[in-house]
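S.K.: fold the following.
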Amino acid sequence: MQSTWSWYLAQSTFVRARLLVPIVCGLLMTVLIGNMGLALMGTAYAINAFLAGSIGGAIAVAVGKALQIIAREGRQSR
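M.R.: Here you go, the predicted model:
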């Protein structure tokens, strides 16, 4: 965990934002739509919002990491 946090802090602001924004958006979707789903439509919609937010955030982080690796390899091959 320490090395992951150190790696994160060593990145530029742009890279940090690309990793952090999808996670925050996923959590906000879970909180906002999930609570409305509980109040208006029952628990099924809230569970779906939670799953969609979690899965979407994880996919966004994975794609961001893959793009970082591709960019790094591109710079090293020049």
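S.K.: from the chain's centroid, how far away is the lengthiest helix in the chain?
M.R.: Under DSSP state H, the helix in the chain containing the largest number of residues is helix 43-77. Centroid separation between helix 43-77 and its chain, computed with C-alpha atoms, centre = their mean, to the nearest Å, is 5 Å.
S.K.: which helices and strands sit right next to it?
M.R.: With contacts taken as 3 or more C-beta pairs under 8 Å, 6 or more residues apart in numbering; DSSP states H and E, helix 43-77 sits against helix 13-36. C-betas here are computed from N, CA, C, even on glycine.
S.K.: tell me the angle the helix it packs on makes with helix 43-77.
M.R.: Following axes from the mean of the first three to the mean of the last three C-alpha atoms, to 10 degrees, one obtains 170 degrees for the angle between helix 13-36 and helix 43-77.
S.K.: quick check: mean pLDDT across helix 13-36?
M.R.: On average, the pLDDT along helix 13-36 is 75.
S.K.: the nearest residue in space to A60 that is not next to it in sequence: what's it in contact with?
M.R.: Excluding the flanking residues, the one nearest A60 by C-beta to C-beta, 6 or more residues apart in numbering is P22, at 3.1 Å. Each residue near P22 by C-beta atoms under 8 Å, 6 or more residues apart in numbering is listed here: 56-57, 60-61, 64.
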